[in-house]
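Asks: sequence unknown, structure follows:
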Ligand code: SF4
C-alpha cells in the first residue's frame, strides 16, 4: 500500500514550513508503510533534492530539518513517501521519490499502489525516450517514473498530458504525487481509483495525503481526488483535468477491512462505520455461544464492537498489543514470525475460564493468529470461536499489497475453512460473506479480487497477472 503526502505553496514557503507540513501529513500515514521513508524538495528556482532513509517518518524529519545541503532555500513544494514494498527488493534504496532528469525537466515521483505490468511500462519508456532511460529497472516505481518522463517528452514536456495517457499502459493501481523543476506539483489517481488520495487547497497552498484522516488531523478541509483525476499546481492556480481513460471506480475493499485508518473516509464512506457494519453482519451470519467478545487489536477492534452490539455478548480487551512492534502484516517477511510472537499479550482475567469470540479483520498468512490463539489458550480460555470480518483470502493481490503468489496464503494448502480452523487451533472459524462485506461498504462496485479472484482488469486472470509480478 504505502503512504504519500505532498505540500506546495504559491507563497514561497520557508524550508521548515514546507518540510514540517509534508512530514506532518506523512506521520499520520505511518500505518501504511514502515520500511523506509523519502522526501523530495523542490526549490522555487526548480532544483529538486531527494533524501531517503530506512526508518520511520519521525527520524527522517529530524534529519532533513538539519540538512544543510537542501535548507536555506525558498521552497515551492515537497512530496514524501513511506514505503511498504510490493515490488522489487526490500531496503531503503528503493524508497520513493524516484528522481529522473536529463531532458528539459527534472521529475520526482512517489506513488501508492502496484503496477503488475511494470516491465511493459519500462519497455514503453525505452521506446519513447531511450536517451533518458537506463538499461534496467528494479521495480514498478522506477518503471513508472521513466514511463511518465518518456511520455512527457513525447508530449513536448507536458507532464499533465503524459499523466492523461498513462492509464492506457497500466495494469495495476496508482495514486501518485510528482514534482517537476518548472516547478509544478502534480497529483493523479488511476481511473479505477483503487487506492485512496485526498487533498486540500487553501490560500494558494496545496496539501495532499493518501488518507483524509491525515488532512483532518491538520484541521484542513479536504476533498478526495476522483478516479482518473489529475491535479496540476504551478503556484498560481490549481487545474483539474481527467485522464483520457474513462473512470471506472472499483476501490480496494481491503482498504475498508484493514489498510485505512478508521477516522478516514474513502470514496465518501466512513471506514469506521463500514467496519462496524462488518462486525454486525458477521454476528448475524456466524453467531457463537460465548461469554465475551475479544478484538484482535487494532484492526479487528471496530468489527468486534459491531459483533458485540449485534450479538449482545459483552466486549472486553483481552488482548494487548505492543504498538512499538508496528503492523506485522506489512513488515519484511524475515521479521514476521518473530514479531508475531512478541506483538500480543493476553489479559488473563478477561479470558480465563471463558468461552471467547475472537474477532479479527482478516486472515492472510495465518502467522499472527496461530501464535495468538495459543497464547489465549494458555491464558485459560476454554473455547475459542474465531470470527473474521472479511471473506477467506483466496487469491493474491496485484494492486498494492505484498501477496503476489497464492502459495503465500493460508488457504493455499487447505481444502476447507474447517481445516484452516483446525490448523490454527480454533474451536470454530467463520468468515463474513462477500455479499455482506459489500453491503457493509455500500458502494456500487469495489475490487474484491483477493476474496473472489475477480479483478477490475477483466482481460487478465490471476494466473496471467501472477506471471507479471517480479517476486
Ligand atoms: S485484490 Fe484485494 S487487496 Fe488487492 S486491490 Fe483488490 S481488494 Fe484490494
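Replies: Looks like it arrived, so ask away. Just so we're clear, the structure is a prediction, and the values are computed from it rather than from any experiment.
Asks: hmm, residue 152 is touching residue 164, no?
Replies: No - if you go by Cβ atoms under 8 Å, residue 152 and residue 164 don't touch, sitting 10.9 Å apart. In this view, the C-beta of every residue, glycine as well, is placed from N, C-alpha and C.
Asks: once you drop chain neighbours, what's closest to residue 204?
Replies: residue 10 (3.6 Å; Cβ to Cβ, 6 or more residues apart in numbering).
Asks: if you could redo that for residue 23, that was the one I meant.
Replies: residue 61 (4.6 Å).
Asks: where does the one you found land on pLDDT?
Replies: pLDDT, residue 61: 84.
Asks: which residues touch it?
Replies: 19, 20, 23, 27 (Cβ atoms under 8 Å, 6 or more residues apart in numbering).
Asks: element containing the first one, please.
Replies: Using DSSP states H and E, residue 19 sits within helix 15-27.
Asks: same for whatever helix or strand comes next after that helix, what does it pack against?
Replies: As assigned by DSSP H and E, the chain's next helix or strand after helix 15-27 is strand 36-43. Strand 36-43 makes packing contacts with helix 15-27, strand 48-53, helix 57-65, strand 75-83, strand 107-115, strand 172-180 when contacts are defined by 3 or more Cβ pairs under 8 Å, 6 or more residues apart in numbering; DSSP states H and E.
Asks: and strand 36-43, which strands flank it?
Replies: Taking DSSP bridges as the criterion, strand 36-43 sits next to strand 48-53 (antiparallel), strand 75-83 (antiparallel) in its sheet.
Asks: around the ligand, pick out the residues from the chain.
Replies: Counting by Cβ under 6 Å from any ligand atom, the chain comes close to the ligand at 194, 252, 253, 254, 397, 399, 400, 401, 447, 448, 449, 450.
Asks: pLDDT weak spots in the stretch 151-300 of the chain?
Replies: For the stretch 151-300 of the chain, no stretch has pLDDT under 70.
Asks: in it, what residue comes closest to the ligand?
Replies: residue 252 (3.1 Å; Cβ to the nearest ligand atom).
Asks: and residue 4, what element?
Replies: strand 3-13.
Asks: compute the inter-axis angle for that strand and strand 107-115.
Replies: 160 degrees (axes from the mean of the first three to the mean of the last three Cα atoms, to 10 degrees).
Asks: go through strand 3-13 and flag the buried ones.
Replies: Residues 3, 4, 5, 6, 7, 8, 9, 10, 13 are the ones in strand 3-13 that count as buried (16 or more other Cβ atoms under 10 Å).
Asks: give me every residue that touches residue 111.
Replies: 2, 4, 81, 96, 141, 144, 174, 175, 176, 177.
Asks: contacts only, for the residue nearest to residue 58 when sequence neighbours are not counted.
Replies: Nearest non-adjacent residue to residue 58, counting by Cβ to Cβ, 6+ apart: residue 27, 6.4 Å away. Going by Cβ under 8 Å, 6+ apart, residue 27 touches 57, 58, 61.
Asks: separation between the second one and residue 295?
Replies: For residue 58, the distance to residue 295 under the criterion Cβ to Cβ, to the nearest Å works out to 27 Å.
Asks: of these two, who's got more company?
Replies: The neighbour comparison of residue 58 against residue 295 (other Cβ atoms under 10 Å) goes to residue 295, with 26 against 13.
Asks: look at the closest residue in space to the more buried one that isn't next to it in sequence and give its secondary structure.
Replies: Distance criterion Cβ to Cβ, 6+ apart; nearest residue to residue 295, sequence neighbours excluded, is residue 304 at 3.4 Å. Here residue 304 is helix, with the state taken from DSSP: H, G, I helix; E, B strand; the rest coil.
Asks: residue 304 touches residue 294, doesn't it?
Replies: Yes - under the contact definition of Cβ under 8 Å, residue 304 touches residue 294, with a separation of 7.1 Å.
Asks: name the residues contacting each of those two.
Replies: Taking Cβ under 8 Å, 6+ apart as the contact rule, residue 304 and residue 294 both touch 315, 359.
Asks: the helices and strands packed on strand 36-43: lowest mean pLDDT?
Replies: Among the helices and strands packed on strand 36-43, helix 57-65 scores lowest, with a mean of 83.
Asks: circling back: let's have the residues of the chain next to the ligand in a markdown table, adding neighbour count and distance to residue 222.
Replies: Output for these, formatted as a markdown table (neighbours: other Cβ atoms under 10 Å; distance: Cβ to Cβ, whole Å):
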| residue | neighbour count | distance to residue 222 |
| --- | --- | --- |
| 194 | 28 | 19 |
| 252 | 29 | 19 |
| 253 | 25 | 22 |
| 254 | 26 | 22 |
| 397 | 26 | 26 |
| 399 | 28 | 23 |
| 400 | 26 | 21 |
| 401 | 21 | 24 |
| 447 | 24 | 23 |
| 448 | 23 | 26 |
| 449 | 24 | 28 |
| 450 | 27 | 28 |
